[in-house]
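>>> please work out how this folds:
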Amino acid sequence: MSGSTWTRYVALGDSITEGFCDPAPAKTGPAPGVEWLGWADRLAVILDGHARLGRTSFEFANLAVRGRRIAHVVDDQIPRAIGLHADLVSVMIGGNDLMSPKADPDALATRLETGIRRLRSTGANVLLANCFDPQFAFFLKPFRGRAAVFNADIWSIARANGATVLDVWGIREFQQTSMWAADRVHLSTLGHRLLAARAAHVLGIPYAEIAARTVTAADAQTTPPVTLPLRTWLRLYAIPWAGRRLRGVSAGDGLSPKLPVPSRVGAPQ
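Numbers count the residues shown, from 1 in each chain. Below you'll find the model as predicted:
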């Protein structure tokens, strides 16, 4: 798919793809009133520029919602993407599933593959992301083994179904504190920028490698990380998250996607 020009890109997933912790500029965000930008929206801007060079129209929708799991993507988001006639779909999901006490990474991957197979049967190109290497955060390290198994399955799914892998695990810059927001589980603006550039490079956008090089280890070292004292972090983020888990609720319950209708980048929704 190197160098392809797509006309309709739909992003699927959870809070990372929704764009958490990457504030959208008031007048230049993905659409008026949208709070978060994020790597997928930034990728859409790159793809839109590539389409303009080829004098091709381009539209983007972001169906990702915080807290979503693989079942939500397979049962809800993928059918909606198919209904929108997307020719490029990105899928980044699994983090919320893998943090469940009884998570089975192989079973989760099998469930996800049913959705990827459906997407590919429509002719859509699929950009399938694996999981972050969780050793960047002390409280996520216990999940590293199951994340590694799930990632191995992602590569197998992609190979069997003709999808392209966005190897998030392999981006070593994500081990740096500055790539992460104060909550320590969502990317900072710098992290979203890097992920968008790497995604564009994987998709074969000719100038994406230049963009990726602008977000280097040196940039990360000169960007002060947003850190909080442990007690503050526990009070603001960890304890509320654990409370939601115990109650079986999600931060995304009742929420709709921020960009549900394919539109030109920056156009009103």
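
>>> can you name the residues that contact Arg264?
Applying Cβ atoms under 8 Å, 6 or more residues apart in numbering to Arg264 gives the contacts 48, 57-60. Heads up, the C-betas are built off the backbone N, CA and C, glycines and all.

>>> where does it land on pLDDT?
Listed pLDDT for Arg264 reads 92.

>>> quick revisit: among the contacts of Arg264, which two are most distant?
Greatest spatial distance among the contacts of Arg264 (Cβ to Cβ): Ser57 and Phe60, at 11.3 Å.

>>> these two - which one has more neighbours?
The residue with more neighbours, out of Ser57 and Phe60, is Phe60; 28 against 10, by other Cβ atoms under 10 Å.

>>> over to that one. Which of the three states is it?
strand (DSSP: H, G, I helix; E, B strand; the rest coil).

>>> mind showing which ranges of the stretch 51-200 of the chain have poor pLDDT?
Within the stretch 51-200 of the chain, the stretches with pLDDT under 70 are 139.

>>> again, 90 this time
Residue ranges of the stretch 51-200 of the chain with pLDDT under 90: 52-55, 99-102, 134-143, 175-178, 180-186.

>>> what segments of it are helices?
70-72, 78-83, 95-98, 105-121, 144-161, 189-202 (DSSP state H, counting those that start in this stretch).

>>> if we go by neighbour counts, what in the longest one is buried?
Taking 16 or more other Cβ atoms under 10 Å as the neighbour-count basis, helix 144-161 is seen to contain the buried residues 146-151, 153-154, 157-158, 161.

>>> make TSV from those residues and add distance to Leu255 to it.
Below are those laid out as TSV (distance: Cβ to Cβ, whole Å):
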residue	distance to Leu255
Arg146	27
Ala147	26
Ala148	31
Val149	30
Phe150	25
Asn151	28
Asp153	28
Ile154	26
Ile157	28
Ala158	29
Asn161	30
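
>>> am I right that Ala61 is in contact with Val265?
No: in this structure, Ala61 is not within contact of Val265 by Cβ atoms under 8 Å, at 10.9 Å.

>>> among those two, which residue is more densely surrounded?
Ala61 (26 against 20).

>>> for Arg142, grab the count of nearby residues.
Heads up, residue 142 is Pro, not Arg. 10.

>>> the nearest residue to Leu255 once chain neighbours are set aside: what's it in contact with?
Take Leu255 and drop its neighbours on the chain: the residue closest to it by Cβ to Cβ, 6 or more residues apart in numbering is Val65, 5.4 Å away. Residues near Val65 by Cβ under 8 Å, 6+ apart: 14-15, 18, 72, 252, 255-257.

>>> any quick PyMOL command for the buried ones out of those?
Here is the PyMOL command that picks out the buried ones among these, judged by 16+ other Cβ under 10 Å:
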select buried, resi 14+15+18+72+252+257
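
>>> between the contacts of Val65, which is nearest Thr5?
Pro257 (24.6 Å).

>>> didn't the closest one look like it was pressed against Leu63?
Yes: if you go by Cβ under 8 Å, Pro257 and Leu63 touch, sitting 4.4 Å apart.
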